[in-house]
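Q: Sequence plus predicted model, see below.
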Amino acid sequence: MTILPVLFLYTLIAILPVGFALWASLHRIPLTQPQWTFVGLENYAQVFELDRFWGSMWRGTLFMVGSTLVQLAVGLWMALVINRMERGQRLLSTLVFTSYLIPTIIVTLIALFMLDPFVGVLHQFGASLGLWEGYVLGAATWNLPGIGEVSLALPAVVLIGSWKFSVFITIFALAQLRSIPNRFYEAAKICGATSWEMFRDITLPRLKGAILVAVLLRSVFMFNKYDIIWQLTQGGPGYETTTMPILAYRETFEGSAYGLGNAIAVVMFCFLAVGAVAYFVAFNPSQEVDT
């Protein structure tokens, strides 16, 4: 009886929405005339025939992998630095963790302001390095540098998003680091171990499980990420930052095809489910955590 409330909530917030999306994906549902017409698997066939589908899948995968790797590197670095501090550790931890609480819209507005061609500090810095042309008075271009250029748009979105979400890795890693007894390091020092050997033989094995779980969660979250990409580029320039969630939005609301949009969402779910199962089979993060 005690699990009934949990089952009810899980059904309400997870199973029913997924079931509704699956049922809607089997219908043709124009937004302007919301009449459900059953079409079976026609929407799924149309999804794979979209000329932007495979490109969006590829860009979404690149965004997921790039974001996860950057966040893993930055998050682990911050966790190791904070853990080694003798003074001010609590203050720095509070400041770092606070960045994760900043709303995404605030992060994107700050990034857009820093890339502003008139007063943006990142615009001036990038222009001085030759990454893009500086603003010339009277120029006819209003595209922001970095996120407004084809070759730099996706990397720029990855870096801007990673500034906020790297703290997720830091939280996981720091909690695991603080659980390692100091006597392990003291014994290693007595035996003459170097800093690298202590990290390799003591720290890394005890971080592995937390890292594997955090990487899986970040990969799923970043592949599904919609808000920061849309706020920064709306999938542009062109389709250079159009990932699967952006494609689903465009087909649903700009293409007025609600059923097709849900079919794209179901394909995303299947892709992530297969990837998660393969990840668990290959790495088995639950066993690493138990160890």
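A: Yep, it's here.

Q: Going along the chain, name the helices of the stretch 1-150 of the chain.
A: 4-10, 16-24, 42-49, 53-84, 89-101, 104-114, 121-128 (DSSP state H, counting those that start in this stretch).

Q: which of the residues in the strand or helix carrying Gly209 are buried?
A: In the assignment (DSSP states H and E), Gly209 maps to helix 204-223. Residues 207-216, 218-220, 222-223 are the ones in helix 204-223 that count as buried (16 or more other CB atoms under 10 Å). For glycine as for every other residue, the C-beta is placed from the backbone atoms N, C-alpha and C.

Q: Name the stretch among the helices of the stretch 1-150 of the chain that sits most buried.
A: helix 53-84 (a mean of 18; mean count of other CB atoms under 10 Å).

Q: what bits of this protein have low per-residue confidence?
A: 1, 117, 119-120, 123-148, 285-291 (pLDDT under 70).

Q: can you pull the buried residues of stretch 252-266?
A: Thr252, Ala257, Tyr258, Gly259, Leu260, Gly261, Asn262, Ala263, Ile264, Ala265, Val266.

Q: Which members of those residues are the farthest-apart pair?
A: Ala257 and Val266 (13.9 Å; CB to CB).

Q: quick one, helices of the stretch 151-291 of the chain?
A: Using DSSP H, counting those that start in this stretch, helices in the stretch 151-291 of the chain cover 153-177, 182-190, 195-198, 204-223, 227-232, 244-249, 258-283, 285-290.

Q: which strands and helices sit next to the second one?
A: Contacts of helix 182-190 with other secondary structure elements, assessed using 3 or more CB pairs under 8 Å, 6 or more residues apart in numbering; DSSP states H and E, are made with helix 195-198.

Q: Spit out the contact partners of the residue nearest the centre of the chain.
A: Geometric centre of the chain, nearest residue: Met222, 2.2 Å, by CA atoms, centre = their mean. Residues counted as contacts of Met222 (CB atoms under 8 Å, 6 or more residues apart in numbering) are Phe63, Met64, Ser67, Thr68, Gly161, Phe165.
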